[in-house]
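# here's my sequence, what's the structure:
(chains A, B, C, D, E and F)
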Protein chains: 4
Amino acid sequence: MNNKIKRSSPSSEQRAELQKLRILKAARTCFIQDGLHAGTIARISETAQMSPGLIYRYFSSREEIVLGLMRLQVKAGFGPGIAGLTPKVVTARICEYLRRWLAGDPDVPSPPLILEMSAESTRNEAIAKHVVDADKEARASLIAWLTDLSTQAGETVSEKEIQIRAMALGCFIDGLVLRAAREPDLDMEIVEKSMDSLMAMVVPSPPRKAT
Amino acid sequence: MNNKIKRSSPSSEQRAELQKLRILKAARTCFIQDGLHAGTIARISETAQMSPGLIYRYFSSREEIVLGLMRLQVKAGFGPGIAGLTPKVVTARICEYLRRWLAGDPDVPSPPLILEMSAESTRNEAIAKHVVDADKEARASLIAWLTDLSTQAGETVSEKEIQIRAMALGCFIDGLVLRAAREPDLDMEIVEKSMDSLMAMVVPSPPRKAT
Amino acid sequence: MNNKIKRSSPSSEQRAELQKLRILKAARTCFIQDGLHAGTIARISETAQMSPGLIYRYFSSREEIVLGLMRLQVKAGFGPGIAGLTPKVVTARICEYLRRWLAGDPDVPSPPLILEMSAESTRNEAIAKHVVDADKEARASLIAWLTDLSTQAGETVSEKEIQIRAMALGCFIDGLVLRAAREPDLDMEIVEKSMDSLMAMVVPSPPRKAT
Amino acid sequence: MNNKIKRSSPSSEQRAELQKLRILKAARTCFIQDGLHAGTIARISETAQMSPGLIYRYFSSREEIVLGLMRLQVKAGFGPGIAGLTPKVVTARICEYLRRWLAGDPDVPSPPLILEMSAESTRNEAIAKHVVDADKEARASLIAWLTDLSTQAGETVSEKEIQIRAMALGCFIDGLVLRAAREPDLDMEIVEKSMDSLMAMVVPSPPRKAT
DNA sequence: AATGAATGAGCCTTCATTCAT
DNA sequence: TATGAATGAAGGCTCATTCAT
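Below is the predicted model of the structure:
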């Protein structure tokens, strides 16, 4: 009774956060399997191994779960992390992501879910806000990346030119997500090569070091 | 009252086809407004100005309507019609399509619906088949188009190179669809320019006519 | 197939009205048995011998049923009909009503339900409106009745005096309703006599016909 | 930390009684606000500033709380305390009570709650018992009071006559409770005057003290 | 004694589908 | 063909109650 000092036992808040995460993960699984609209609370609660009622201790409604999931997805976006990377690496990363998805890795942002959420953003304002925010961030980081590379290469380009390049690259990548959802046997070799040429078009070759 | 010999009344098959179309158009309207999963039979029947019961004479289930709609959407795809067009015209066409969608034109294939159907194809085999078919067709026609242009330009390229180009262009266009759904105020000027540069990359400049 | 002229088959609107009434009657039964809050849609639909879903074709929500029931109850109030009656008859009527309730007559406005609705009117604005309206009507008709009798008797009384009498009589009657709910073996003989003396107090004895 | 010998700490029984009271008071607050059926254990526990679980140490079920509350309400009834008071004072007391309720005083027995409990007594035997007991007590004390006054005035009246008077006065007062629940802007001046005349009718004028 | 997380039965409501007319 | 009333199986959500700590 006295040495109940359970070291590293999670605080109540931490526990709550963990539960939320558990629910979101379960929701993700269900939504990917059944669709954003067909995934039911009952199935989510089964997947999360808790009672339906408990879910409502952590989320006030089903929609709140969807939003929570968006936030998660957004955080996991590859946008933020590309600063400083070479085009090769960025390409490799995206291909790696697609490959994992195609291989059935459940821990990777799900293209179909991204599509459904994008579609939903047309109708649901709350979701729209999240999508827009995520988009802005992604675009900004892409533009920053392209600008950096451009500067490093000694190139002088207008802001608009950068925007055009970002649009080309960004849409291509978005298109890959759409493709990944539709084409389970996407030919990744072709994808990689086409992305290489796009990168070549969009990113200036670095200045030769020597003469 | 009995001998109402309707002269030139459409054959029963034609009539059935017309009814089906009426239902599909109504379904389209509803699905765009409410989403592929939220559009209810009740609303569709209202929109089509017929009773819910009647719908089941032409479609055996709600899902059958969704499939019927896919078939329609597929036929309306812009893939088939690009043969012989110049890159400029193709670009203009796609931009025109996007512009109309952004302006709210209800007669244009709906990006959110395309996204939802693509997502749904992950789960529903029947839908998947349609999507795959449409994709194949679109890809084939894109490849044919690129090959034609290449040949006309006197270029000699491998089939794989063409595939790579088709992937670049195709994904870019798919990405535009995704963007259109998410970004109601997409900057079309940027889009057009970035598509121009992509076209330039993917399509060889035609041989000079004369010396 | 030809002589389908079902004479006196109810029109669609009439049918709807009948269904509504069927639901309201069932609701009444359930609410009296289980209470205004415990009576469930499931039980109502059983009692009305229809599916739960069907109820929602006629009432948009459970609360709408409660309100509908109020309207019914209000219409059945004895207020409106007392004009022209002698005190004796009014007394007899009210006693008759109580007796029938105590005897278990299910077609008589239910005191417990009246109490619950009165209580609910403290919290639910829509219900409050109905209650207030019914109250106003009842009070007005009581005042008119008392004024009439007073005039007939050749009495000259201020409006306020009438209000005071109406309050005395009205509260007494309301109190009877409360009593009826609480005391299943209410002594009706006592009730009648006490009501008689109240009437005597509140209503002037008519002028002697002769010298 | 261990030998916390709380001197003069209340006996466990006393403590239990205090806790019960705390719960009942909280329940009362909640039930008045939300209704007898809508007031949830969760809200009660919040209001009482204790955990939901703890409530079940003192009451075995929600219904037990309702019953406990009845007992409390009954004890607080004004019935017992009127012995020896003059009609004026009794009238004043009741009017005072109504005025406080209408003014929003939360410490006064709540008319809506009384109504709901009366209604509930039709269905719940345990509650019915309490209500009946309270009623009996109230009636008895009212009869005793009227008998006293009658005797003091030198009047000789049958027991039945007293019962009739008690019925008139009792129902009137009950009716006031109903009115108070329904009519937030009850005209207390009228109420008071009508109660005065009722008292005059029911209570004999005291004998002149001197010649 | 006390907490509050967890349970699960049950409620209101929706909607694809059927069927008598 | 056509109608639209009717069905009933879920689905989202609440809340009295329990129980590990």
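# just give the number of residues close to A:Arg165.
Residue neighbour count, defined by other C-beta atoms under 10 Å in any protein chain shown, stands at 26 for A:Arg165. For every residue, glycine as well, the C-beta is placed using N, CA and C.
# now swap in A:Gln19 and tell me
Neighbours around A:Gln19, by other C-beta under 10 Å: 17.
# which strand or helix spans it?
helix A:12-34 (DSSP states H and E).
# pull out the buried residues from that helix.
Residues A:19-20, A:22-33 are the ones in helix A:12-34 that count as buried (16 or more other C-beta atoms under 10 Å in any protein chain shown).
# tell me which helix or strand of chain A sits lowest on mean pLDDT?
Least confident element among the helices and strands of chain A, by mean pLDDT, DSSP states H and E: helix A:62-75 (a mean of 90).
# which residues touch that helix?
Applying C-beta atoms under 8 Å, 6 or more residues apart in numbering or on different chains, the contact partners of helix A:62-75 are A:20, A:23-24, A:27-28, A:31, A:36, A:41, A:44, A:55, A:59, A:109, A:113-114, A:117, A:120, A:124, A:126-127, A:130-131, A:133-134, A:137.
# please state the offset of it from the chain centre?
Relative to the chain's own centre, helix A:62-75 is displaced by 12 Å; criterion: C-alpha atoms, centre = their mean, to the nearest Å.
# likewise stretch A:20-36?
Taking C-alpha atoms, centre = their mean, one finds stretch A:20-36 lying 15 Å from the centre of the chain it belongs to.
# using CSV, write down the CA coordinates of it.
In CSV, the C-alpha atoms belonging to stretch A:20-36 read as follows (Å, rounded to 0.1, in the frame of the first residue of the first chain):
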residue,chain,number,x,y,z
LYS,A,20,-7.2,8.0,-28.2
LEU,A,21,-4.4,6.7,-30.3
ARG,A,22,-5.7,3.2,-29.9
ILE,A,23,-9.1,4.2,-31.1
LEU,A,24,-7.6,6.2,-34.0
LYS,A,25,-5.5,3.3,-35.1
ALA,A,26,-8.5,1.0,-34.9
ALA,A,27,-10.6,3.5,-36.8
ARG,A,28,-7.9,3.8,-39.4
THR,A,29,-7.9,0.0,-39.9
CYS,A,30,-11.7,-0.1,-40.2
PHE,A,31,-12.0,2.9,-42.5
ILE,A,32,-9.4,1.5,-44.8
GLN,A,33,-11.1,-1.8,-44.9
ASP,A,34,-14.7,-0.6,-45.0
GLY,A,35,-14.5,2.9,-46.2
LEU,A,36,-14.8,6.2,-44.4
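# just to revisit the earlier point, is the least confident helix or strand of chain A in proximity to DNA strand F?
Yes - residues of helix A:62-75 contacting DNA strand F under C-beta under 7 Å from any atom of the strand: A:62-63.
# in what helix or strand does A:Val157 lie?
Counting by DSSP H and E, there is no helix or strand that carries A:Val157.
# show me what contacts it?
A:Ser150.
# now A:Leu176
Counting by C-beta under 8 Å, 6+ apart, A:Leu176 makes contact with A:94, A:98, A:191, A:195, B:171, B:175.
# out of these, the closest to chain C would be?
Each of those was scored against chain C by C-beta to the nearest C-beta, and B:Gly175 proved nearest at 43.9 Å.
# and that closest one, what element?
Per DSSP H and E: helix B:159-182 holds B:Gly175.
# buried set for that helix?
With burial defined by 16+ other C-beta under 10 Å, the residues of helix B:159-182 counted as buried are B:161-182.
# picking that back up, just the buried ones among the contacts of helix A:62-75, please.
When the contacts of helix A:62-75 are checked for burial by 16+ other C-beta under 10 Å, the buried set is A:20, A:23-24, A:27-28, A:31, A:36, A:41, A:44, A:55, A:59, A:109, A:113-114, A:117, A:120, A:124, A:127, A:130-131, A:134.
# so where is chain A shaky, pLDDT-wise?
Within chain A, the stretches with pLDDT under 70 are A:1-10, A:75-80, A:206-211.
# check which element follows the helix holding B:Gly175 along the chain.
Heading C-terminal from helix B:159-182 (DSSP H and E), you reach helix B:188-202.
# helices and strands around that following helix, which ones?
Applying 3 or more C-beta pairs under 8 Å, 6 or more residues apart in numbering or on different chains; DSSP states H and E, one finds that helix B:188-202 contacts helix A:159-182, helix A:188-202, helix B:87-102, helix B:159-182.
# do that again at 6 Å, thanks
helix A:159-182, helix B:87-102, helix B:159-182 (3 or more C-beta pairs under 6 Å, 6 or more residues apart in numbering or on different chains; DSSP states H and E).
# quick one: closest of the ones you listed to DNA strand F.
helix A:159-182 (22.3 Å; C-beta to the nearest atom of the strand).
# may I ask you to name the longest helix in chain A?
Ordering each helix of chain A by length in residues (DSSP state H) puts helix A:125-152 first.
# touching DNA strand F at all, that one?
No - applying C-beta under 7 Å from any atom of the strand, one finds helix A:125-152 separated from DNA strand F by no less than 13.1 Å.
# which strands or helices does that helix pack on?
Using 3+ C-beta pairs under 6 Å, 6+ apart, helix A:125-152 is in contact with helix A:62-75, helix A:159-182.
# which residue is the nearest non-sequential neighbour of A:Leu54?
Setting aside the residues directly before and after it, A:Leu54 is nearest to A:Ser45 in space (C-beta to C-beta, 6 or more residues apart in numbering or on different chains), at 7.2 Å.
# burial measure for that neighbour, as a count.
Applying the criterion other C-beta under 10 Å, we find 20 residues in the vicinity of A:Ser45.
# isn't it up against A:Pro52?
Yes - between A:Ser45 and A:Pro52 there is a contact under C-beta atoms under 6 Å: 4.4 Å.
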